[in-house]
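Enquirer: Here you go, sequence then predicted model.
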Amino acid sequence: MTLRKLTYFLLSGIVLVSCSTTQKQLVNSTKAETIEEKREEDTLSEDQQNEFEYLFIEGLKQKKLGNVQNAVSIFSRCLEIDPNSDVAMYEMANIHFANKDLTSASLLLQKAISLNSKNKWYKLLLAEIYRQRQQFSEAAKLYTELSNKEPDNLEYLYSKAVLLAMAENYAEAIAAYDKLEKETGLNEQISVAKQQLYVAWEKPDKAFEEINKLIQSDPEETQYYGLLAELYQQQGDSTNALKYFNKILEMDPENGFVHFSLASYYIEQNSKEEAFNHIKKAFASEELDAETKMQYYMLQTNDADSSDWSNEQIGELLDILQETHPDDNRLYTIYAEHLMRQGKIDESRSYLRQYLETDKDNFVIWQQLLFMDNDLMDFESLYSESKQAIELFPNQAVLYALNAVASLQLKKYEEALQVLDEGQIYVLDNQSLKVQFELYRAEASYNLNHVEDAFEAFDKVLKMDPDNYMAINNYAYYLSERGEQLEKAERMSGRVVQENPENPTFLDTYAWVLFKRKDYQLAKFYIESAINNGGGENPVLLEHYGDILFKLGEKDRAMEQWKKAKSFGEGTDVLEQKIKESRFIESLVP
């Protein structure tokens, strides 16, 4: 129904005061008038009057240029010269209003109005401040004064009625609307406003009268029957509600809005199947715009627990939406979001790619796509698609970081360092990205055997983020791998495991540091903890387990773990040799 449109009119009508418009009007219509009044009062000397006028104009100039502090200083000086200058008070109030200091602004305006009660712009701005502070009755009083002075200005009367309604002063609000109706004749917006007031006032009979007046004025207008049906539904009269919803369908079978209303009706009647049938008809309506349907979809999916429909039903609605609006590329992102909620990341990603075929300039979609590549560990796609995104958005540092991740995983270490250097200029003050850049720089440098550069980068990370457990873990692992500073490595890795006792990667590192320190029994305890916490298919972790078992004299079990590591993928560079020669062999250090 078009009730939504009517409600919008009622809400939007109250914001009648524009700060910039008000200021302009004041300068044009009150500045000279007010200063002239000061001259007539002859309270200032001629020199003071000249200085005041000069400063006031300079203050306006500074404010227009955006030099707010200068303007405040100048207007303050104006008030020192003439403490009763209402126009200077108004300009100061406007600045406070713009800075959201409503208290100071209202105090200045109250004083200005007491000095010059004829200036409508003072009252308009004060009324807007009262509205924002939810002092609706006070704002309504100002509009009463404005309306009394300019009875032909119906906007004042309308604003008064709206504010009285917001103050829940129903009787006076209705009276204001009645007065307005006498001037305008029967008016859809006014009748709907009065109907809503009567409902709030618990006078449903009067509310029905207002809607019936509209129907009598135009019996062919279906939206009025919709208002009547909704009012009956609101009053608990489901029989009459259904009667008038069906009447709309008789008059306008293609009316999509009424199907939404009927769906709401049947949901209240606990007839979910019938309700869903009407929703499908609404989505299939070619007269109903895609925006309305998408808004309904968003309402139903923002909170899955409160949705009226299952994931399957939502998917069915999206299919209908695609059939009805096949050229609306927003559907790709909606499908992607729907699938993402179900954990279908790969399918969701395909829809984002389809969207980008129609609109390559949407950075948010590119970023979502790259995060999906990363989550799926599809580093080939992450590598190529992040390169495309960098070409389109060369000043987005996160894209360089994502490309570096892909380059590291694909063992393109030189490229990782290069892309980090290229993107560094765009990191600016983003502390999180600074940390990520240095962490990736450390990984790339270590794998290129630039050990000093790698450890320097790790130190930078830990200086910026002392609790970055991934950096601490990797730093400790590389130290142990090289057999350097093993006590430091044990302290670092032990701290990580203490804070993350169920992380298999961190447990494996700690086990390996202990192995390097020849504490094989304790190393066995931690490597088995790593396996029991989800590391049972990690080839490097299983190879470490075999190494530890070999050192403990359990050679057959060690061989079993080495073979198991090989079956799950790539281990260290000497795994094959260990299996072939049935003995422990130290891995080559990068």
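Expert: That came through fine.

Enquirer: Please make it C-alpha for all contacts and neighbour counts, starting now.
Expert: Will do.

Enquirer: Restricting to C-alpha, output the host helix or strand of residue 192 in CSV.
Expert: In the assignment (DSSP states H and E), residue 192 maps to helix 188-200. Output of helix 188-200 as CSV, limited to C-alpha atoms (Å, rounded to 0.1, in the frame of the first residue of the first chain):
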residue,chain,number,x,y,z
GLU,A,188,-5.1,12.9,2.1
GLN,A,189,-2.1,13.7,4.3
ILE,A,190,-4.2,15.6,6.9
SER,A,191,-6.8,12.9,7.0
VAL,A,192,-4.2,10.2,7.6
ALA,A,193,-2.5,12.2,10.2
LYS,A,194,-5.8,12.7,12.0
GLN,A,195,-6.6,9.0,11.7
GLN,A,196,-3.3,8.1,13.3
LEU,A,197,-3.8,10.6,16.1
TYR,A,198,-7.3,9.3,16.8
VAL,A,199,-5.9,5.8,17.1
ALA,A,200,-3.2,6.9,19.5
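
Enquirer: Check which residues of it are buried.
Expert: Across helix 188-200, burial judged by 16 or more other C-alpha atoms under 10 Å covers 188, 189, 190, 191, 192, 193, 194, 195, 196, 197, 198, 199.

Enquirer: Next: stretch 210-221.
Expert: Under the neighbour-count criterion of 16+ other C-alpha under 10 Å, stretch 210-221 has 210, 211, 212, 213, 214, 215 buried.

Enquirer: Please report how far the fourth one lies from residue 222.
Expert: Remark: distance between residue 213 and residue 222 (C-alpha to C-alpha, to the nearest Å) = 14 Å.

Enquirer: Repeat that for residue 68.
Expert: From residue 68 across to residue 222, the span is 53 Å (C-alpha to C-alpha).

Enquirer: Then residue 356?
Expert: Taken as C-alpha to C-alpha, the span from residue 356 to residue 222 is 41 Å.

Enquirer: neighbour-wise, which of those two wins?
Expert: Set side by side, residue 356 and residue 222 show more neighbours around residue 222, with 22 against 18, by other C-alpha atoms under 10 Å.

Enquirer: thought that one was touching residue 245?
Expert: No: here residue 222 lies out of contact with residue 245, judged by C-alpha atoms under 8 Å, at a distance of 9.4 Å.

Enquirer: So which elements touch the helix or strand hosting residue 277?
Expert: If you go by DSSP H and E, residue 277 is part of helix 272-284. Contacts defined by 3 or more C-alpha pairs under 8 Å, 6 or more residues apart in numbering; DSSP states H and E place helix 272-284 against helix 256-268, helix 311-324.

Enquirer: could you check the angle helix 311-324 makes with it?
Expert: Interaxial angle, helix 272-284 versus helix 311-324 (axes from the mean of the first three to the mean of the last three C-alpha atoms, to 10 degrees): 30 degrees.

Enquirer: contacts for helix 272-284?
Expert: Contact partners of helix 272-284, identified using C-alpha atoms under 8 Å, 6 or more residues apart in numbering, comprise 256-260, 262-267, 288, 293, 317, 320-321, 324.

Enquirer: can I get the CA coordinates of it in CSV?
Expert: Provided in CSV are the C-alpha atoms of helix 272-284 (Å, rounded to 0.1, in the frame of the first residue of the first chain):
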residue,chain,number,x,y,z
LYS,A,272,2.1,-19.3,7.2
GLU,A,273,1.5,-21.2,4.0
GLU,A,274,-1.2,-18.8,2.8
ALA,A,275,1.0,-15.9,3.9
PHE,A,276,4.0,-17.2,1.9
ASN,A,277,1.8,-17.6,-1.2
HIS,A,278,0.9,-13.9,-1.0
ILE,A,279,4.6,-12.9,-0.5
LYS,A,280,5.4,-14.9,-3.7
LYS,A,281,2.7,-13.0,-5.6
ALA,A,282,4.1,-9.7,-4.3
PHE,A,283,7.6,-10.7,-5.5
ALA,A,284,6.2,-11.8,-8.9
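
Enquirer: by contact count, what packs against the following helix or strand past it?
Expert: Following helix 272-284 in sequence order, the next helix or strand is helix 290-301 (DSSP H and E). If you count contacts as 3+ C-alpha pairs under 8 Å, 6+ apart, helix 290-301 packs onto helix 311-324.

Enquirer: Centroid-nearest residue for the chain?
Expert: residue 364 (11.9 Å; C-alpha atoms, centre = their mean).

Enquirer: Which helix runs longest in this structure?
Expert: Secondary structure of the chain per DSSP state H: the longest helix is helix 46-64.

Enquirer: Quickly find the element holding the closest residue in space to residue 123 that isn't next to it in sequence.
Expert: Nearest residue to residue 123 in three dimensions, chain neighbours excluded: residue 142, at 6.2 Å (C-alpha to C-alpha, 6 or more residues apart in numbering). According to DSSP H and E, residue 142 maps onto helix 136-149.

Enquirer: tell me how far that helix is from the chain's mean position?
Expert: How far helix 136-149 lies from its chain's middle: 37 Å, per C-alpha atoms, centre = their mean, to the nearest Å.

Enquirer: Would you mark the buried spots in the helix or strand just after that helix?
Expert: Sequence order places helix 154-166 as the next helix or strand after helix 136-149, per DSSP H and E. Applying a neighbour-count criterion of 16+ other C-alpha under 10 Å, one finds 155, 156, 157, 158, 159, 160, 161, 162, 163, 164, 165, 166 buried in helix 154-166.

Enquirer: in which helix or strand would I find the residue nearest to the centre of the chain?
Expert: Applying DSSP H and E as the criterion places residue 364 in helix 363-375.

Enquirer: what's in contact with that helix?
Expert: The contact list for helix 363-375 (C-alpha under 8 Å, 6+ apart) reads 345-346, 349, 352-353, 356, 379, 381-382, 385-386, 389, 393, 399, 402.

Enquirer: which residues touch the closest residue in space to residue 575 that isn't next to it in sequence?
Expert: Distances taken as C-alpha to C-alpha, 6+ apart place residue 562 nearest to residue 575, at 7.0 Å, with adjacent residues excluded. Residues near residue 562 by C-alpha under 8 Å, 6+ apart: 542, 543, 546, 575, 578, 579.

Enquirer: roughly how far apart are residue 562 and residue 524?
Expert: With C-alpha to C-alpha as the criterion, residue 562 and residue 524 are 15 Å apart.

Enquirer: Residue 284 now?
Expert: Look at residue 284 and residue 524: by C-alpha to C-alpha, they are 64 Å apart.

Enquirer: Break the protein down into its domains, please.
Expert: Domains of the chain are assigned by automatic domain parsing as 13-133, 467-581.

Enquirer: pLDDT below threshold where in this structure?
Expert: In the predicted model of the chain, residues 1-42, 304-305, 589-590 satisfy pLDDT under 70.

Enquirer: Break down the stretch 401-550 of the chain into its helices, ranges please.
Expert: 413-423, 431-447, 451-464, 469-482, 486-499, 504-516, 520-530, 539-551 (DSSP state H, counting those that start in this stretch).

Enquirer: Residue 251 - how many residues pack around it?
Expert: Neighbours of residue 251 (other C-alpha under 10 Å): 12.

Enquirer: hang on, isn't it packed against residue 222?
Expert: Yes: using C-alpha under 8 Å, residue 251 is in contact with residue 222, at 7.3 Å.

Enquirer: Just say which of the domains of the chain is most tucked in.
Expert: Most buried of the domains of the chain by mean neighbour count (mean count of other C-alpha atoms under 10 Å) is domain 467-581; its value is a mean of 20.
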